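Peer 1: Sequence first, then the predicted structure:
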Amino acid sequence: MATTLTMGGEDQFDRDEEVKRFDESKIGVKGLIDAGVTSLPRLFIHPPKTLADLKPRPVRPDCESIIIPTIDLSGPRATVVEQVAQASRQLGFFQIVNHGIPVAVLDRTIGAIKEFHEQPTEVKARFYRRRDVGSGVSFISNIDLFASKAASWRDTLQVKLGPTMAELQEIPEVCRNEIVEWNRESKQLAEQLMGLLSEGLGLETDRLKKTTCLEGRLMVGHYYPSCPQPDLTVGLTSHSDPGALTVLLQDQIGGLQIKYGDEWLDVKPVHGALVINIADVLQIMSNDEYSSVEHRVLANPSPEPRVSIAVFFNASAREDLYGPFPELVSQEKPAAYRQFTYSDYLTRFFTKELDGKSLTNYYKL
C-alpha cells in the first residue's frame, strides 16, 4: 500500500496527520525504503536537543577504560555471581558467553527475524496491528508512535511468549519454529541468570523466580533498515526497560549504546554473546543495589540492516504488590520506592513516550 509523507525540506507539516497516514499505510520503515525514500520524512526528524546529543564527543579520561564486561558463565559459580553482581551494580549491562545456547541457534534466530521483515509489504501488513493484539502477535513501527515527539527508524515484530504463548498459527510461518525455540532457550537462560542475580544480592537462589518475573515474557524482533540521514533521527530513543530483566540477541552491525554518567558507551557486538541488562522493576526490587540504565540505538548508517531480538521478563502476577525486597530494607537503608501493582506499572509504561527513567522516578519515595 503506497503512502505519501511530508519530506524534510517541505514547510507544510501536520504531525498528527502524517503519523496517522504512516500508521494506516502499514508499510513500516522498511516499506519507505522499498518505495525509494532517499531523505527522511519529517515525522522521523528528532528535535535539535536529541540530535545534538548524538554527535560524537571526546571521551572523558575517567570513561576511557570503561568497557561493557563479557562474563563467561562456565566459570566457578562464586566468581560468576560476583562478576554478574558487580556489572549489575556499576553498569546495569553485561554480555555473556558460554551460556549454553549454540551459536547456530543464535544465527538462525537472527536470520528468521530478518527474513520476516524482508517479506513483501502486503505479507507483513496482515500482522500490522497497534491496538487489537489479542492474538499475541503484532507487526508495528514504533510502539510509541502516537506519543513520541518524533518517530524512530525501525520496525518491530512483537510476540507474546508467556505465561501463555501466542497461538502457533498466529506466529508468522517464516520465523515460527525459531521463535518457539528461542522462547525455550531464553527462558532457561533467564532462570539461570535470575539465580545468579538473587545470590548477588545475598538472597536465596530462587528469590527472583518466586516473584513470577520469569513467566511474563514478551519478544520484540527489531529491524533497523539503512537510514538515508542517520544524523537526523535515531533507531531507538533513550529509555530504560520495563520489567525485571532483558535478554538481547544482536547481530554484528552495532549501534546499541548505554548511558554512563553523561557519556554514551558502545555495546560492541561479540559474535556468540548475548547482552543482558537490568530493567526498572529489578532496580526497584533490589532497592537500588542494581542499576537499570538508559540506553539507545543509533540510526543505522550501514547499507546492511541491523537486527536485534529482545525478550523482556515481567511478572505474571499483575495484581500483586511489588517494591523493594524486605530483606534489602533496613534502618540504615530504608525503602527507596513505594509499592505498586504490576498492572499499574505496565499501564503507565505503555501510555507514555519511551523517555529516560520516568517510571522509576515516579515510584521513588
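Peer 2: Sure thing, it's come through.

Peer 1: When you work out contacts or count neighbours from here on, use the C-alpha atoms and nothing else.
Peer 2: Fine.

Peer 1: tell me the contacts of the residue nearest to Val270 when sequence neighbours are not counted?
Peer 2: Nearest in space to Val270, with sequence neighbours left out and distances taken as Cα to Cα, 6 or more residues apart in numbering, is Gln252 at 7.3 Å. If a contact means Cα atoms under 8 Å, 6 or more residues apart in numbering, then Gln252 has Pro269, Val270, His271, Arg306 as its contacts.

Peer 1: how about the first one, secondary structure?
Peer 2: Right, Pro269. Secondary structure state of Pro269, per DSSP: H, G, I helix; E, B strand; the rest coil, is coil.

Peer 1: Which secondary structure element is home to the nearest residue in space to Thr70 that is not next to it in sequence?
Peer 2: Spatial nearest neighbour of Thr70, excluding adjacent residues (Cα to Cα, 6+ apart): Gln95 at 4.5 Å. Per DSSP states H and E: Gln95 is located in strand 93-97.

Peer 1: Could I get the buried residue list for the helix or strand that comes right after that strand?
Peer 2: Once strand 93-97 ends, the next helix or strand along the chain (criterion: DSSP H and E) is helix 103-117. Within helix 103-117, the residues scored as buried using 16 or more other Cα atoms under 10 Å are Leu106, Thr109, Ile110, Ala112, Ile113, Lys114, Phe116, His117.

Peer 1: any chance of these in JSON lines, plus pLDDT and distance to Asp280?
Peer 2: Below are these laid out as JSON lines (pLDDT from 0 to 100; distance: Cα to Cα, whole Å):
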{"residue": "Leu106", "pLDDT": "98", "distance to Asp280": "26"}
{"residue": "Thr109", "pLDDT": "98", "distance to Asp280": "26"}
{"residue": "Ile110", "pLDDT": "98", "distance to Asp280": "26"}
{"residue": "Ala112", "pLDDT": "98", "distance to Asp280": "29"}
{"residue": "Ile113", "pLDDT": "98", "distance to Asp280": "27"}
{"residue": "Lys114", "pLDDT": "98", "distance to Asp280": "29"}
{"residue": "Phe116", "pLDDT": "98", "distance to Asp280": "30"}
{"residue": "His117", "pLDDT": "98", "distance to Asp280": "29"}
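
Peer 1: Do a quick rundown of the helices in the stretch 51-200 of the chain.
Peer 2: 77-90, 103-117, 121-124, 176-200 (DSSP state H, counting those that start in this stretch).

Peer 1: ok, now which ones touch the residue nearest to Thr70?
Peer 2: If you count contacts by Cα under 8 Å, 6+ apart, then Gln95 has Ile68, Pro69, Thr70, Ile71, Ala273, Leu274, Val275, Ile276 around it.

Peer 1: what's the pLDDT at Val311?
Peer 2: Looking at Val311, its pLDDT reads 98.

Peer 1: Quick check: beta-bridge partners of it?
Peer 2: Met219, Val247 (DSSP bridges).

Peer 1: Contacts only, for it.
Peer 2: Counting by Cα under 8 Å, 6+ apart, Val311 has contacts Ser186, Arg217, Leu218, Met219, Val220, Thr246, Val247, Leu248.

Peer 1: number of nearby residues for the nearest residue to Phe116 once chain neighbours are set aside?
Peer 2: Nearest residue to Phe116 in three dimensions, chain neighbours excluded: Val174, at 6.1 Å (Cα to Cα, 6+ apart). For Val174, the neighbour count with other Cα atoms under 10 Å is 15.

Peer 1: Nearest to Tyr337 among the contacts of Val311?
Peer 2: Thr246 (21.3 Å; Cα to Cα).

Peer 1: Go ahead and flag the most central residue of the chain.
Peer 2: Centroid-nearest residue in the chain: Ala310, 5.5 Å away (criterion: Cα atoms, centre = their mean).

Peer 1: Could you list the low-confidence segments of the chain?
Peer 2: 1-12, 57-65, 132, 352-358 (pLDDT under 70).

Peer 1: Tell me where it has strands.
Peer 2: 70-72, 93-97, 137-140, 155-162, 216-224, 234-239, 245-250, 256-260, 263-266, 274-278, 295-298, 306-314, 321-322, 340-341 (DSSP state E).

Peer 1: Run the chain-centre distance for the last one.
Peer 2: When C-alpha coordinates are averaged (Cα atoms, centre = their mean, to the nearest Å), strand 340-341 and its chain have centres 22 Å apart.

Peer 1: what number of residues lie near the nearest residue to Val103 once chain neighbours are set aside?
Peer 2: Distance criterion Cα to Cα, 6+ apart; nearest residue to Val103, sequence neighbours excluded, is Gly272 at 5.3 Å. Residues near Gly272, counting by other Cα under 10 Å, number 20.

Peer 1: Gly272 touches Val105, doesn't it?
Peer 2: No - contact status for Gly272 versus Val105: not in contact, 9.6 Å apart, counting by Cα atoms under 8 Å.

Peer 1: what's the overlap in contacts for the two?
Peer 2: Contacts common to Gly272 and Val105, judged by Cα under 8 Å, 6+ apart, are absent.

Peer 1: Show me which positions of stretch 199-207 end up buried.
Peer 2: Glu199, Gly200, Leu201, Leu203, Thr205, Asp206, Arg207.

Peer 1: now what about it, what contacts it?
Peer 2: Val81, Glu82, Val84, Ala85, Met194, Gly195, Leu196, Ser198, Ser286, Glu289, Glu327.
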